[in-house]
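S.K.: With the sequence up front, the predicted model follows.
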Amino acid sequence: MSAPRKAAIVGYGFSDVFRGPGLDVEALTAQSCLAAIADAGVRAADIDGIFEYQIGAESPKCLYVQRLLGTGDLASYTDIMGSGASGFAGVVAALSAVESGACEVALVFRSMQQQAGNTGSASGDPVAQAGYSPLHDEIVAPYGMFGIIPATALRMCRRQVEYGTRPQDYGYVAINARRWAALNERAVQRNALTMEGYLSAKLLCDPLRLLDCDYPVSGSCALIITTQQRARDLRHKPVMVAAHAQATGSGDWLHGADFLHGGTIRCAERLWRRSGLEPNDIDFAQVYDGFTYSVLTWIEALGFCGLGEAGDWIEQGRRIGPGGSLPLNTNGGQLAEGRLHGLAAVAESVMQLRGDGGSRQVRDAETAVVTVSWGPQCAGMVLICP
Amino acid sequence: MVTSASELENPAPKPAIVPTERNRFFWEGARHGRLLIARCGDCGLYLHPPMPICSRCHSSHIAPAEVSGRGIVYTYTIVRRTFHPGFAAEVPYVVAMIDLVEQEGLRLISNLVDCPHEQLAVGLAVKVRYQPHGAWMLPVFSLSSNATAETAR
Ligand SMILES: [Zn+2]
């Protein structure tokens, strides 16, 4: 009997990243995919799987990218939309395809345009749509309930009552993002933020402020995934995927019993069980920061502290900042690097685990946990590079 | 709330209520001053937003059932940003999640009206009332201690 196939991440690539809308997303996608292919040291013709996720119609699809890159026939491919595992949906599909033998070398990309499919940030004004909206727009839009920002504010208000979370707890997360972003040339928000600056940011939906939202950008990020066996012959030290997991919890953004933590707790349980690791084994974390809120809930769900305790646990940001005991979102996250929706967090982890982090390198980094989204669309990975 | 004067200043309409086959009863009920929630005819589970089968017993005997309209504020937010031009004259307004008393976790997204912002709190008892919205009526909530909140049922 042969050993089970395990996956590794062997390449990543970014396009240029812009604050403005209306860019050529097809060209940006080409740029990130070619960069990932070059980084991995594979040929386009080696790619036999392509996977991508998008929220609306903001990104090219798999078959377009096949033609764009001139890959060979695709043995496995999927465009994932709507209620997939958000920015990681394509990654998880690629990992599963590689592990199962459905394909050998998978390309994953996520391409963002500021004005489309980008409701997690403060820029995109959502439009009510009839039917199948994950946020039930057809029945809540007449109330002036539009998208994820009020849905997050509703959680923050409830969290304040259940756990006593203070505005400053979110503020330290926003400040942490800027501290790391100062060390990242790709980041769009690199200037320092003070607590005073955070607290005086515009309230969008009490108690949610503008600086609780990630920063909208246009750009693309891509990864190359293959088997661990094949990875050993490629350019870089491979980053092994020790475990990946998804979860939906009760399966609804608004009406579930797990309103505050959604599927994050179940996702974390699966990650630790499948990887055989535990929070103490982790050298750094990249957790989803579409909002500062999701950072606190992921820290708790992953078991770094108890539910409701993340505000105290981050020690006014000392624990999660440069030099802290759990460096967190070391690229500045989506709050400060920009909203590339999950894949950038994986790319950052790969860079750190290879030891290529430059001025923001986490010392002796060998293990990482990376998560995406929250609510009912959760996914995560444990990555190792011993 | 929107006055006719501010509506003149702000001609952009709010998102229309567009009943679907699935939720038409909810909006029709509101028009007649009744809060109707989909309910399983076999096991009694309320389902909101409405669905074609019961998620507990998979029965397809789902029918609208009238509820009391009494609830508790599970959480709320004061919306200050104009997400849609139709709400430009309304900001700041209150979006709340109301847990209806009929069933644990039976939750409605709605507006909390006629409540000073400094009185807003999780756990407040509220009661439904109805507000015009285009050609339809919108079930909204106000504090149940407020006499004006009482509506004929
Ligand atoms: Zn039933």
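M.R.: Sure thing, it's come through. Numbers count the residues shown, from 1 in each chain, chains lettered A, B, ... in the order given.
S.K.: which residues are contacting the longest helix belonging to chain B?
M.R.: When chain B is parsed with DSSP state H, its longest helix is helix B:24-31. By C-beta atoms under 8 Å, 6 or more residues apart in numbering or on different chains, the surrounding residues in contact with helix B:24-31 are A:139, B:17, B:19, B:35-38, B:50, B:64, B:66, B:130, B:136-139. Bear in mind the C-beta positions are built from the backbone N, C-alpha and C, glycine included.
S.K.: could you pull out the helices for the stretch 251-386 of chain A?
M.R.: Along the stretch 251-386 of chain A, counting by DSSP state H, counting those that start in this stretch, helices occupy A:264-275, A:292-301, A:310-313, A:333-336, A:343-354.
S.K.: about what we covered before: closest one of the contacts of helix B:24-31 to the ion?
M.R.: B:Ala38 (10.8 Å; C-beta to the ion).
S.K.: in terms of contact, does the closest one touch B:Leu45 like I think?
M.R.: No - under the criterion of C-beta atoms under 8 Å, B:Ala38 makes no contact with B:Leu45, lying 9.3 Å away.
S.K.: Tell me which of these two has more neighbours.
M.R.: Between B:Ala38 and B:Leu45, B:Ala38 has the larger neighbour count (other C-beta atoms under 10 Å in any protein chain shown), namely 21 against 16.
S.K.: Over to that one. Which of the three states is it?
M.R.: Recorded secondary structure, B:Ala38: strand (DSSP: H, G, I helix; E, B strand; the rest coil).
S.K.: Next, the contact list for it, please.
M.R.: Taking C-beta under 8 Å, 6+ apart, one finds B:Phe25, B:Phe26, B:Tyr46, B:Leu47, B:His48, B:Pro50, B:Met51, B:Ile62, B:Ala63, B:Pro64, B:Ala65 in contact with B:Ala38.
S.K.: any chance of the residues you listed in CSV, plus neighbour count?
M.R.: Output for the contacts of B:Ala38, formatted as CSV (neighbours: other C-beta atoms under 10 Å in any protein chain shown):
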residue, neighbour count
B:Phe25, 18
B:Phe26, 23
B:Tyr46, 17
B:Leu47, 19
B:His48, 20
B:Pro50, 20
B:Met51, 12
B:Ile62, 19
B:Ala63, 10
B:Pro64, 18
B:Ala65, 17
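S.K.: The ion contacts on the stretch 51-200 of chain A?
M.R.: Within the stretch 51-200 of chain A, not a single residue sits near the ion (C-beta under 5 Å from the ion).
S.K.: the strands in the chain, which residues?
M.R.: No chain in the question, so chain A it is. In chain A, the segments counted as strands under DSSP state E are A:7-14, A:49-54, A:76-81, A:105-112, A:203-205, A:208-209, A:219-227, A:239-247, A:284-286, A:367-372, A:378-384.
S.K.: hmm, I had chain B in mind actually
M.R.: B:36-40, B:46-47, B:62-66, B:70-79, B:93-100, B:107-111, B:125-133, B:136-143.
S.K.: Tell me which of the ones you listed sits nearest to the ion.
M.R.: The minimum distance between the ion and these falls on strand B:36-40, with 3.2 Å, by C-beta to the ion.
S.K.: Just checking: what are the partner strands of the closest one?
M.R.: strand B:46-47 (antiparallel), strand B:62-66 (antiparallel) (DSSP bridges).
S.K.: And the contacts of the longest one?
M.R.: What it means is strand B:62-66. B:25-26, B:29, B:34-41, B:46-47, B:50-54.
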